[in-house]
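Asker: Based on what follows, work out the 3D shape:
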Amino acid sequence: MRKLILVRHSLSMISDELPASQWQLSEEGRRRCERLAELLAPHHPGAIVTSTEPKAIETGQILGRQLGIPVEAVPDLHEHERPGTDLDTVERFQAKVARLLQHPGESVFGAETGDQARQRFSTAVHDVMRQHPDGSLAVVSHGTVMTLFVARAAGIDPVPFWKELGLPALVVLSYPSLEPLEVVTTVV
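Answerer: Numbers count the residues shown, from 1 in each chain. Here you go, the predicted structure:
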């Protein structure tokens, strides 16, 4: 069975000087990637494709080194576009994301609606699956776009799913049916 393995990037080092889209992994985030590689290995991905954000690239590079498989960063797998929201409190940020997930067709915050982010991400995922037609593929991306994609495919409530996703997390789907096979919400 062919699998699409969605990976949420590992724990970042938060910086007030940089937007979240430019954050790197923390030391703990890099350590968690070692355990994540152990969980990813049984699914035998032939390659890892990441978003172009540094934390996703670094997560993918660590996984690729550990598993001995190629890693490539591609456009359109990035997080929901929300410039200027990095200075929110955690509570305000979570409330905004919850509204986005509950009302994906509406412009609730950021530069794109949830539906636009999901469609962009979905198109990119299907494109990379076509470019890697043999075997399973791991895609390292971000919590909100992954949630929008998985919630639509699996028909689940997106808010609790998003809240459960840790840094990192792993969602294994059959491909092309997108049936959920395994969800690992916490990797420590």
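
Asker: how distant is the one helix or strand in the chain whose mean pLDDT sits lowest from the center of its chain?
Answerer: Least confident helix or strand, the chain: helix 90-102 with a mean of 94, by mean pLDDT, DSSP states H and E. Put simply, helix 90-102 sits 17 Å off its chain's centre (Cα atoms, centre = their mean, to the nearest Å).

Asker: tell me which residues in the helix or strand following it are buried?
Answerer: Using DSSP states H and E, the helix or strand that directly follows helix 90-102 along the chain is helix 114-131. Across helix 114-131, burial judged by 16 or more other Cβ atoms under 10 Å covers 114, 116-122, 124-125, 128-129. All C-beta spots, glycine's among them, are computed from the backbone N, C-alpha and C.

Asker: Now tabulate those in JSON lines and tack on distance to Val159 and pLDDT.
Answerer: Shown next, in JSON lines, are the buried residues of helix 114-131 (distance: Cβ to Cβ, whole Å; pLDDT from 0 to 100):
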{"residue": "Gly114", "distance to Val159": "12", "pLDDT": "98"}
{"residue": "Gln116", "distance to Val159": "19", "pLDDT": "98"}
{"residue": "Ala117", "distance to Val159": "15", "pLDDT": "98"}
{"residue": "Arg118", "distance to Val159": "15", "pLDDT": "98"}
{"residue": "Gln119", "distance to Val159": "20", "pLDDT": "98"}
{"residue": "Arg120", "distance to Val159": "21", "pLDDT": "98"}
{"residue": "Phe121", "distance to Val159": "18", "pLDDT": "98"}
{"residue": "Ser122", "distance to Val159": "20", "pLDDT": "98"}
{"residue": "Ala124", "distance to Val159": "24", "pLDDT": "98"}
{"residue": "Val125", "distance to Val159": "22", "pLDDT": "98"}
{"residue": "Val128", "distance to Val159": "27", "pLDDT": "98"}
{"residue": "Met129", "distance to Val159": "27", "pLDDT": "98"}
